[in-house]
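> Sequence first, predicted coordinates after that:
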Amino acid sequence: MNEVYPFEQRKIENVRLIYILYLIGLVFGITAIAGVVVAYSNKDDEMPDWLKSHYQYLINTFWKGLIMILVGVLTIVLIVGIFILIFWTVWIIVRCVNGIKYLDSKQPHPNPEGWWFD
């Protein structure tokens, strides 16, 4: 039922790599950019629909996270920006961990368009 073919296993590892690049991006931001480039370059490849949902989720996570970073940086002088950046950090960690959990169980991401922790 959950048989994984070699080409599918490569795609799964690509998605896992992107999640890891996003997590490393918390320290070295450039890896998150590399992650979204990998996601965009692979999202239209042939793969099961459940894997496509992860690519969509990862791309959305990058752009929504970038918006949060920009708002946080622009409002840092109002002190609220610090809290936005702290929230963004937790948000990225939770989204990546949840994504890896769904990936490991070979399930589609239930809400790839969502803004919250799902």
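That came through fine. All values reported here derive from a predicted model rather than from experimental measurement.
> Run through the chain and note the low-pLDDT ranges.
1-5, 117-118 (pLDDT under 70).
> Repeat the analysis, applying 90 as the threshold.
1-14, 28-29, 42-52, 76-78, 104-118 (pLDDT under 90).
> Any chance of the backbone angles for the residue nearest to the spatial centre of it?
The centroid of the chain falls nearest to L58 when counting by Cα atoms, centre = their mean (3.3 Å). Note on L58: its backbone torsions stand at phi -70, psi -40 [degrees, to the nearest 10].
> Could you double-check that it lies in contact with G99?
Yes - counting by Cβ atoms under 8 Å, G99 is a contact partner of L58 at 7.1 Å. Yep, even glycine has a C-beta here, placed from its N, CA and C like the rest.
> Next secondary structure element downstream of the one helix or strand Y22 maps to?
Per DSSP states H and E: Y22 is located in helix 6-24. On the C-terminal side of helix 6-24, the nearest following helix or strand under DSSP H and E is helix 30-42.
> and the angle for that following helix with helix 6-24?
150 degrees (axes from the mean of the first three to the mean of the last three Cα atoms, to 10 degrees).
> Which neighbouring elements make contact with helix 30-42?
Using 3 or more Cβ pairs under 8 Å, 6 or more residues apart in numbering; DSSP states H and E as the contact test, the elements touching helix 30-42 are helix 6-24, helix 49-74.
> Mind putting those helices into CSV with distance to V37?
Formatted as CSV, the helices and strands packed on helix 30-42 follow (distance: least, Cβ to Cβ, whole Å):
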stretch, distance to V37
helix 6-24, 10
helix 49-74, 10
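> so which of those comes closest to V36?
helix 49-74 (4.2 Å; Cβ to Cβ).
> what's the angle between that closest one and helix 6-24?
Going by the same axes, to 10 degrees, helix 49-74 makes 10 degrees with helix 6-24.
> Y57 - nearest residue in space that isn't next to it in sequence?
P112 (3.8 Å; Cβ to Cβ, 6 or more residues apart in numbering).
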